[in-house]
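>>> Got a sequence here, can you build the structure:
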Amino acid sequence: MAKRGGFPGGMPGNMNNLMKQAQRMQRQMEEKQKELEIQEFTAAAGGGAVEVTVTGKREITKVKLSEEVVDPDDIEMLEDLIMAAANEALRKVEEANAEVMNKMAGGLGIGGGFPF
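Predicted coordinates:
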């Protein structure tokens, strides 16, 4: 009487192929993540008066201010503009990251979701 369930002698061919595909996708995902980490994302606020640049690692690398936005009597507005530009740049990083993840999930044939 044959045993049910196990796979004597190793994994069947389809399972082996699935494991190889998963490993390949993991390598591709790591490569894409590294590419994303070195990319820069810039966003502006106040009609371009404040620009903030961040990397895919979510590190601020540059803040650019127009002279007209530097008003010693209104520091609060400048703080708000810097915060808005930084948040928008970080949102762009998240958007790019989500796009990479969706492309990778599309390669699995699940379209970013599970069919059950």
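>>> Can you list phi and psi of Gly56 for me?
phi -60, psi -10 (degrees, to the nearest 10).
>>> sorry, that was for Thr42
phi -120, psi 140.
>>> surely it meets Ala86?
No - contact criterion C-beta atoms under 8 Å: Thr42 and Ala86 do not qualify, at 10.7 Å. Just so you know, the C-beta spots here come from the backbone N, C-alpha and C atoms, and that holds for glycine as well.
>>> neighbour-wise, which of these two wins?
Ranked by neighbour count (other C-beta atoms under 10 Å), Thr42 and Ala86 place Ala86 first, with 19 against 15.
>>> Would you mind listing the residues in contact with the more buried one?
43, 52, 54, 60 (C-beta atoms under 8 Å, 6 or more residues apart in numbering).
>>> Now which of the residues you listed would you call buried?
Among the contacts of Ala86, the ones that count as buried by 16 or more other C-beta atoms under 10 Å are 43, 52, 54.
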